[in-house]
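**Student:** here's my sequence, what's the structure:
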Amino acid sequence: MAIYKRTNMCGELRMEDVEKEVVLNGWVAKQRSLGSLIFVDLRDKTGITQVVFDETTEKEIFDLASSLRSEYAIGVKGVVRERSSKNPDIPTGDIEVVATELTVYSQSETPPIYVKDDDNVDDNLRLKYRYLDLRKPKMQEIFRLRHEMMQVTRRYFSENGFTEVETPNLIKATPEGARDYLVPSRVNEGAFYALPQSPQLFKQLLMVSGFDRYFQIARCFRDEDLRADRQPEFTQIDLEMSFVDTDDILEVQEGFIKTLFKEIKGIDIPTPLKRMSYDEAMERFGSDKPDLRFGFELKKLNDVVAGTDFKVFADALEAGGDVRGICIDDASDKFSRKDIDKLTDNAKHYGAKGLVWIRMEEDENGNQIKSSVNKFFTQEKLAEIAAVFGAKKNDLILIAADKPKVVFDTLGFLRRHIAGILGLLDDTKYEVLWVVDFPMFERDEETGKLKAMHHPFTHPKNEDIPMMDKDPTAVKADAYDIVINGYEAGGGSLRIHEADLQQKVFEIMNIGPEECERKFGFLLDAFKYGPPPHGGIAYGMDRLVMLFSGDLDIRDVVAFPKNQRAQCLLSGAPAAVDQDQLDELHIAVVESSEE
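**Tutor:** Next comes the predicted model:
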């Protein structure tokens with residue numbers, strides 16, 4: 001079968017192409033037969049062109065056109081003419097192609113999903129037939145966007161003195177905060193590789209190697225529970241720089257973010273970006289990735305409710321916890337009691353035992369403020385609480401009381417969840433900031449031991465190093481996250497290059513010499529040979545594409561994603577393998593016995 005050599009893509013033709021002879025290849029999006037007229041919408045990755053078969057078409061070609069069905073792959077030769085009935089909804093809507101020749105490359109069965117953006121099909125079907133799902137105009141646009149973002153990334157860092165270096169995908173298992181995917185070694189019985197959660201240790205080795213500035217668009221793997229913005233395998237823009245401080249790194253990254261927004265979105269992001277400390281972000285927004293597109297800031301009520309007889313507040317304060325709330329402007333009439341009960345149920349997923357609500361409106365007894373705790377507080381005390389928020393008529397206040405982490409998590413979730421309900425999450429508006437000065441350590445809730453909030457190679461702030469012996473929990477790290485519209489788009493830090501400081505961090509984390517050698521020996525050995533001061537950052541490429549496309553399901557920006565059980569419904573992975581393969585890898589499968 002001859003392949004028609006196309007002259008144009010389907011989305012390219014315009015009025016200036018009228019009377020031009022063209023060749024198009026693509027898929028049949030739709031065929032409409034009106035007796036003596038047949039219209040075919042021909043689609044490729046650039047768009048759709050209407051093709052016409054009429055009384056001037058040879059009978060053999062016309063008959064072939066009448067047999068066309070959705071998703072047939074075809075080639076067409078013809079002449080461009082102006083449409084008599086124009087379609088303003090598509091870029092090619094002013095023209096059509098009058099066919100003179102037609103070939104069918106392959107036929108298609110009736111597709112199990114519609115190849116159109118508004119198909120409203122079950123997500124599992126979309127993933128099972130992903131190759132059809134990817135034909136949709138919306139999906140094609142997302143992956144064009146992803147491609148452009150990757151090209152901007154490579155160009156920007158190349159022009160700024162970075163060398164692209166690939167690091168291994170079969171590495172030694174090292175702790176990075178999530179479970180490793182393990183790969184058994186056939187030639188080393190009983191030994192395993194791990195797939196990299198990030199290139200962290202290798203990019204630090206590249207700094208020891210003298211590369212000075214490295215970057216990579218790297219594939220990474222984490223065996224963790226999935227959600228709308230997380231996949232088990234993902235793409236990271238990874239980079240590292242030598243002989244720099246935090247300001248040096250952030251200046252280069254702000255140039256990258258500014259370039260990305262300008263070239264991809266046509267938006268001028270003002271720089272330098274605002275910086276907010278971790279402590280301020282938690283106090284004001286209950287989250288270390290605050291969304292600044294709306295208000296509803298947290299307010300602390302400990303002093304106002306101190307000495308209360310209300311047991312929930314009293315118990316929380318006695319246990320060293322907090323009482324905090326948010327005020328939703330002009331929203332009391334937008335949330336019924338049933339709606340607030342739903343919000344309370346949502347809050348319980350974050351550890352809260354319940355919510356106290358205050359409505360700035362009259363109740364049935366003529367009181368100016370209605371509340372779920374009216375019987376515990378006078379109108380004067382409720383007014384005092386409302387004054388902390390500057391609350392006015394028709395405002396709704398929601399209050400949580402518990403351990404600080406529970407209160408922050410609960411209210412941080414609620415402010416953004418409610419903003420979504422009220423339509424305040426404008427995806428055409430971008431608020432970008434740095435969150436800086438993270439705690440160096442946090443306490444593991446299960447073991448009570450201290451662990452690194454980021455990783456054990458994060459450098460503490462120089463002024464806080466003297467506190468490491470006295471109060472490690474008060475030490476801040478030279479770490480930074482870039483936050484876009486409430487999503488962590490990237491994060492990094494300065495790294496420890498001093499042997500004595502690194503040893504001190506390991507001691508605080510209760511990591512002994514043997515464990516250090518077993519997990520990090522190759523890096524620590526390299527650090528004996530003149531490591532430079534260095535630091536870096538990693539961006540979630542998938543998350544950046546998600547934010548730039550406005551599609552907040554990360555599966556839509558990954559070509560062949562996994563579902564929430566980390567399964568590929570298209571290929572059937574993960575799947576059982578032959579016993580011969582298991583034997584080669586010295587793996588015995590133990591079947592669970594049912595009692």
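
**Student:** list the contacts of F377.
**Tutor:** The contact partners of F377, by Cβ atoms under 8 Å, 6 or more residues apart in numbering, come to 308, 310, 371, 385. C-betas here are computed from N, CA, C, even on glycine.

**Student:** swap in 10 Å and give it another go.
**Tutor:** By Cβ atoms under 10 Å, 6 or more residues apart in numbering, the contact set of F377 is 305, 308-310, 313, 356, 358, 369, 371, 383-385.

**Student:** what would the residues you listed look like in CSV with distance to K274?
**Tutor:** Below are those laid out as CSV (distance: Cβ to Cβ, whole Å):
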residue, distance to K274
V305, 32
T308, 37
D309, 42
F310, 38
F313, 34
V356, 32
I358, 31
I369, 35
S371, 36
A383, 34
E384, 32
I385, 30
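
**Student:** where does the stretch 51-200 of the chain have low pLDDT?
**Tutor:** Along the stretch 51-200 of the chain, the parts satisfying pLDDT under 70 run over 175-177.

**Student:** okay, now the residue lying closest to E283 once chain neighbours are set aside: neighbour count?
**Tutor:** Excluding its sequence neighbours, the residue lying closest to E283 (Cβ to Cβ, 6 or more residues apart in numbering) is L298, at 6.7 Å. By other Cβ atoms under 10 Å, the residues close to L298 number 24.

**Student:** try the one 5 residues further on
**Tutor:** D303 sits with 10 neighbouring residues when counted by other Cβ under 10 Å.

**Student:** now swap in L170 and tell me
**Tutor:** When neighbours are counted by other Cβ under 10 Å, L170 comes out with 11.

**Student:** my guess is it contacts A194. True?
**Tutor:** Yes: the pair L170 and A194 passes the contact test of Cβ atoms under 10 Å, sitting 8.0 Å apart.

**Student:** who touches both of these two?
**Tutor:** By Cβ under 10 Å, 6+ apart, the residues touching both L170 and A194 are V183.

**Student:** max-length helix in the protein?
**Tutor:** In terms of residue count, the longest helix belonging to the chain (DSSP state H) is helix 137-159.

**Student:** which strands or helices does the next helix or strand after that one pack on?
**Tutor:** Counting by DSSP states H and E, the element after helix 137-159 in chain order, helix or strand, is strand 163-164. Using 3 or more Cβ pairs under 10 Å, 6 or more residues apart in numbering; DSSP states H and E as the contact criterion, the neighbours of strand 163-164 among helices and strands are helix 137-159, strand 213-221.

**Student:** and I482, helix, strand or coil?
**Tutor:** strand (DSSP: H, G, I helix; E, B strand; the rest coil).

**Student:** so what's it up against?
**Tutor:** With Cβ under 10 Å, 6+ apart as the criterion, the residues that contact I482 are 250, 253-254, 256-257, 273, 289, 432-435, 488-492, 537, 539, 544.

**Student:** the contacts of F377 in helices, which ones?
**Tutor:** Using DSSP H to define helices, the subset of the contacts of F377 located there is 305, 313, 383-385.

**Student:** and those, which are buried?
**Tutor:** Among the ones in helices among the contacts of F377, those scoring as buried are 305, 313, 385 (criterion: 16 or more other Cβ atoms under 10 Å).

**Student:** D119 and M139 touch, don't they?
**Tutor:** No: taking contacts as Cβ under 10 Å, D119 lies outside contact range of M139: 11.2 Å.

**Student:** anything in contact with each of these two?
**Tutor:** Residues within reach of D119 and of M139 at once, by Cβ under 10 Å, 6+ apart, are 126, 132-133.

**Student:** D119 and M139: which is more packed in?
**Tutor:** With other Cβ under 10 Å as the criterion, D119 and M139 differ in neighbour count, and M139 comes out ahead with 21 against 15.

**Student:** so who does the more buried one touch?
**Tutor:** Contact analysis of M139 by Cβ under 10 Å, 6+ apart lists 45, 115, 117, 126, 130, 132-133, 551, 556-557, 559.

**Student:** before we move on, what about D212?
**Tutor:** D212 makes contact with 161-163, 206, 240-244, 532, 534, according to Cβ under 10 Å, 6+ apart.

**Student:** distance check, it against A65.
**Tutor:** Shown here: D212 relative to A65, a distance of 62 Å by Cβ to Cβ, to the nearest Å.

**Student:** one step back: return the most buried member of the helices and strands packed on strand 163-164.
**Tutor:** Per residue and on average, the most neighbours among the helices and strands packed on strand 163-164 fall to strand 213-221, with a mean of 21 (mean count of other Cβ atoms under 10 Å).

**Student:** where does pLDDT dip in the stretch 301-450 of the chain?
**Tutor:** For the stretch 301-450 of the chain, the stretches flagged by pLDDT under 70 are 363-367.

**Student:** hmm, K289 is touching G540, no?
**Tutor:** No: using Cβ under 10 Å, K289 makes no contact with G540, being 11.8 Å away.

**Student:** who touches both of these two?
**Tutor:** Residues touching both K289 and G540 (Cβ under 10 Å, 6+ apart): 487-489, 491.

**Student:** quick revisit: does the residue nearest to E283 touch P404 like I think?
**Tutor:** No: if you go by Cβ under 10 Å, L298 and P404 don't touch, sitting 11.0 Å apart.

**Student:** what sits in contact with each of the two?
**Tutor:** Between them, L298 and P404 share the contacting residues 282, 286, 322, 324, judged by Cβ under 10 Å, 6+ apart.

**Student:** going through those residues, which ones are buried?
**Tutor:** Among the shared contacts of L298 and P404, those classed as buried by 16+ other Cβ under 10 Å are 282, 286, 322, 324.

**Student:** just how off-centre is the helix or strand the first one falls within within its chain?
**Tutor:** Counting by DSSP H and E, the secondary-structure element that holds M282 is helix 278-285. Here helix 278-285 is found 21 Å from its chain centre; the criterion is Cα atoms, centre = their mean, to the nearest Å.

**Student:** show me what the helix or strand just after it is packed against.
**Tutor:** Moving toward the C-terminus from helix 278-285, the next helix or strand (DSSP H and E) is strand 299-300. Using 3+ Cβ pairs under 10 Å, 6+ apart as the contact definition, the elements that strand 299-300 packs against are helix 278-285, strand 322-328, helix 379-389, helix 404-421.

**Student:** any idea of the angle the third one forms with strand 322-328?
**Tutor:** Translated: helix 379-389. Orientation of helix 379-389 against strand 322-328 (axes from the mean of the first three to the mean of the last three Cα atoms, to 10 degrees) gives an angle of 80 degrees.

**Student:** over to the first one?
**Tutor:** If you take the same axes, to 10 degrees, helix 278-285 sits at 60 degrees to strand 322-328.

**Student:** buried stuff in helix 278-285?
**Tutor:** By 16+ other Cβ under 10 Å, the buried positions in helix 278-285 come out as 278, 281-282, 285.

**Student:** so can I have JSON lines of those showing pLDDT and distance to G78?
**Tutor:** Conversion of the buried residues of helix 278-285 to JSON lines gives the following (pLDDT from 0 to 100; distance: Cβ to Cβ, whole Å):
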{"residue": "Y278", "pLDDT": "97", "distance to G78": "63"}
{"residue": "A281", "pLDDT": "98", "distance to G78": "60"}
{"residue": "M282", "pLDDT": "97", "distance to G78": "63"}
{"residue": "F285", "pLDDT": "97", "distance to G78": "58"}
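
**Student:** make TSV from these and add distance to V577 to it.
**Tutor:** Conversion of those to TSV gives the following (distance: Cβ to Cβ, whole Å):
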residue	distance to V577
Y278	45
A281	46
M282	47
F285	47
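
**Student:** nearest to M509, of the residues you listed?
**Tutor:** Relative to M509, the closest of the buried residues of helix 278-285 is Y278; by Cβ to Cβ it sits at 19.4 Å.

**Student:** list the contacts of the closest one.
**Tutor:** With contact taken as Cβ under 10 Å, 6+ apart, Y278 is in contact with 288, 435-439, 453, 476-477, 479-481.

**Student:** and for it, nearest residue in space, chain neighbours not counted?
**Tutor:** Nearest residue to Y278 in three dimensions, chain neighbours excluded: F438, at 4.6 Å (Cβ to Cβ, 6+ apart).
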